[in-house]
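Visitor: Build the 3D model from these lines:
(2 chains)
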Amino acid sequence: MDFLIFKAPMLMVQASLDGILLGILFALIAYGMALQWGVMNIINIAQGDLVILGGYIAYTIYLWGIHPAWGVIISPIIMFFVGWGLYKLVINKVVDRDLFISILATFGIAIVFQQLMNFIFGADVVVAQSEYGTTMLFDNSVTLPNSKIFSAFISVLYAVALVIYMRKSKLGRAIRATAQNARAAKILGVDTEKVYAATFGINAALCGIAGALISITLTLHPYVGLPYTVRSFMIVIVAGLGNLPAVAVSGMGLGLFEEFADYILGTEFRIGAVFLLLVLILVYRRFKLSRKREYLK
Amino acid sequence: MEKVKQKDLILYSGLIILGLAAPYLFSAFKVQLTYLCVLIVLAMTWNLQGGEMGYNTFGNILFYGLGMYLTASVQVGMFFPLAEWTESGGEKTFVHTTAQYFQGIGVGLLVAAIIPTIIAGAIGYAILGLRGHYFAICTLGLGIAAGEIAGGIEIIGAGQGFTTPPFPAEIVDAEARGKFFYFLSFALLIGTFIFVKYIYGSRFRLILNAIRDNEDKAEAMGIQTMKYKIVGWMCSAFFCGLAGGIMGGLIGYIDSTDVAFDGREMGVFMVLMAILGGKGTLWGPVIGATLFHFFKEGLWTLILGWQYVALGVLIVVIVVYFPEGLMGWLREKYPERFGEVIDEKDRKAQVELK
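Guide: Numbers count the residues shown, from 1 in each chain, chains lettered A, B, ... in the order given. So this is what the prediction gives:
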């Protein structure tokens, strides 16, 4: 622990920019999680593994000689059908049940996904080269890979497109109606089963986009899915369901926290810090709520 | 009534005799039998939270891993400098004598039982205030955070792992090591079973069940739920710590995320075994763990490489289609065996309702 970051102010700028760009990516994954949590009342532990799978799809087309940036279009299309299939196979049986059942069931799915990815893509750490180069700022003291800027831009683009789609389209309205009251929506003629499947598919597609972006900005490995799940879970509980600006802000906050934790505590404690932050946030929330309960008494 | 007790007596003495004779009857499977004992202990203690109290924890692995590290650290640290041991890979430079080994593991297990219990008590107030899925995710994070942090601490071997002291070479009997750990774990199993059975007959269990069924109502009835939740968790931590200590000695090598805080295997196994057998019953976790262990050991080698896929599918199938477990299924089928009286009219009315 040498606190280099406090001696060199430029490192702070570096960490902040990295953190914010990374945080936008996290916010995209968290948006998907908030969507399925709000609509279907499901906590998907396999969220991170869907992200990694999306990343491997982009990596595969990179191996075929296509530029990996096309992954942000191809990967969500494939992932939508993966999500749809997953819903039809397993998720539809746990929708109306206890949340713990969905946690455990998706935990099982996560293990299957991890292992299948390990078989298909191997256990090596891989990255798809985008060859976008880097931008130098402040007299070359801050380096910013262009791929990170690209990924943040694409994330914002997709998020905005999705928000507009949810507001305007028929399916979007049906999804929002189901989230508000599934039973009433059903009575009014919404095919909730289809809405659920579509929601899960859209969530998987969002994961696919995020994964494709991760494949060019960060690294891929079959077993690193769980931290992404936990990050998105954290963002959702801080921001609340269905509050997109808050999701974006807390995503960036998480990104900043991680980059600074990386510099201050050291890279080996990075994932540990993320999980510890999760515990702290939940405990903080618990004390806040219990004060509220006492107040009500 | 007298007859039932006699039946119980025969059953228990039979099982104890079987347990004592097992390492001689199946002497090639001593390590597997030790695993089985530890798995049953983990499943039974998980059941105290997940089954009886309705708090589905993924965090009991925290105490298991802590117990493992503590036992090994104490066993080494009592006689040799710990930092040098872990740096040099241990056993080459320092050798425990027979007396030192057993003293060390004895004190180590004591520490491994006490410190996790204290930690459970200390964090209990903060963590057990969470409800439902927040609790589940929080404890999941706790277990993984512990693994990641332990993997960064130099003095306990960091990423390269910690070699526990080897069994003293002066004991020439090749079977001794296996027998020692088997009987240790078997004693732990008996202790755990007696303790859990005692809880099942006590008021404590009724309070835990009240918390599970409706915590707010239980609180309104004047039960200090938080106190009982913490005590329940401390009981689990005590036995999980001991189980971890024994496992560390048996495996001989501690890795932070793959052996000690092994959320991917042990952490899931204990949940799965309890659910498979039927949570909220005394015998469910025992039967679940035994079945699971036989299934695992029998099939693991047949489907080499695919075992984790099979495990994942197994989790999904059990959780989705079989959430009541074996005991729950038996209870549904033969309710009179469980001492339940069925009102025939009521049953018919319910069938009609369906």
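Visitor: Tell me the gap between stretch A:270-285 and the middle of its chain.
Guide: 17 Å (Cα atoms, centre = their mean, to the nearest Å).
Visitor: Revised request: answer the last question for stretch B:182-199.
Guide: For stretch B:182-199, the distance from its own C-alpha centre to the chain's C-alpha centre is 11 Å (Cα atoms, centre = their mean).
Visitor: May I see the buried residues of it?
Guide: For stretch B:182-199, the neighbour count (16 or more other Cβ atoms under 10 Å in any protein chain shown) marks B:182-186, B:188-190, B:192-193, B:195-196, B:199 as buried. Placement of C-beta: from N, CA and C, glycine included.
Visitor: what about that stretch, average pLDDT?
Guide: The average pLDDT for stretch B:182-199 rounds to 90.
Visitor: next structured bit after the longest helix along chain A?
Guide: For chain A, the helix with the greatest residue count under DSSP state H is helix A:9-40. Later in the chain than helix A:9-40, the nearest helix or strand by DSSP states H and E is helix A:47-63.
Visitor: packing partners for that next one?
Guide: Applying 3 or more Cβ pairs under 8 Å, 6 or more residues apart in numbering or on different chains; DSSP states H and E, we find helix A:47-63 packed against helix A:9-40, helix A:71-89, helix A:99-121, helix A:192-217, helix A:225-239.
Visitor: does chain B sit close to the helix or strand encompassing residue A:291?
Guide: Using DSSP H and E, residue A:291 maps to helix A:270-296. Yes: among the residues of helix A:270-296, A:271-272, A:275-276, A:278-279, A:282-283, A:285-287, A:290 lie within reach of chain B under Cβ under 8 Å from any Cβ of the partner chain.
Visitor: Output those residues as a markdown table; include the columns neighbour count and pLDDT.
Guide: Shown next, in a markdown table, are the residues of helix A:270-296 next to chain B (neighbours: other Cβ atoms under 10 Å in any protein chain shown; pLDDT from 0 to 100):
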| residue | neighbour count | pLDDT |
| --- | --- | --- |
| A:271 | 23 | 82 |
| A:272 | 21 | 83 |
| A:275 | 25 | 86 |
| A:276 | 19 | 86 |
| A:278 | 23 | 87 |
| A:279 | 23 | 87 |
| A:282 | 23 | 87 |
| A:283 | 18 | 86 |
| A:285 | 16 | 84 |
| A:286 | 20 | 82 |
| A:287 | 12 | 84 |
| A:290 | 12 | 77 |
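Visitor: I'd like to know how many residues surround residue A:201.
Guide: The tally of other residues near residue A:201 (other Cβ atoms under 10 Å in any protein chain shown) stands at 20.
Visitor: Spell out which residues of the stretch 1-150 of chain A are next to chain B.
Guide: Residues of the stretch 1-150 of chain A lying close to chain B (Cβ under 8 Å from any Cβ) are A:43, A:90, A:93-94, A:99-101, A:103-105, A:107-116, A:119.
Visitor: residue in the stretch 151-300 of chain B nearest to chain A?
Guide: As assessed by Cβ to the nearest Cβ, chain A sits closest to residue B:152 within the stretch 151-300 of chain B, at 4.1 Å.
Visitor: My reading is that that residue is in a strand; is that accurate?
Guide: No: counting by DSSP: H, G, I helix; E, B strand; the rest coil, one finds residue B:152 to be coil, located in no strand.
Visitor: who's in contact with it?
Guide: A:266, A:268-269, A:272, B:158-159 (Cβ atoms under 8 Å, 6 or more residues apart in numbering or on different chains).
Visitor: Low-confidence regions, the chain specifically.
Guide: Since no chain was named, I'll use chain A. Scanning chain A with the threshold set as pLDDT under 70 gives A:1-7, A:139, A:293-297.
Visitor: Chain B was what I was after
Guide: Looking at chain B by pLDDT under 70, you get B:1-4, B:88-93, B:159, B:172, B:174, B:338-344, B:347, B:349-354.
Visitor: Pick out the residue nearest the middle of it.
Guide: Among the residues of chain B, the one closest to the centroid is residue B:42, at 1.0 Å (Cα atoms, centre = their mean).
Visitor: Skipping adjacent residues, who's closest to it in space?
Guide: Spatial nearest neighbour of residue B:42, chain neighbours left out: residue B:270 (4.2 Å); criterion: Cβ to Cβ, 6 or more residues apart in numbering or on different chains.
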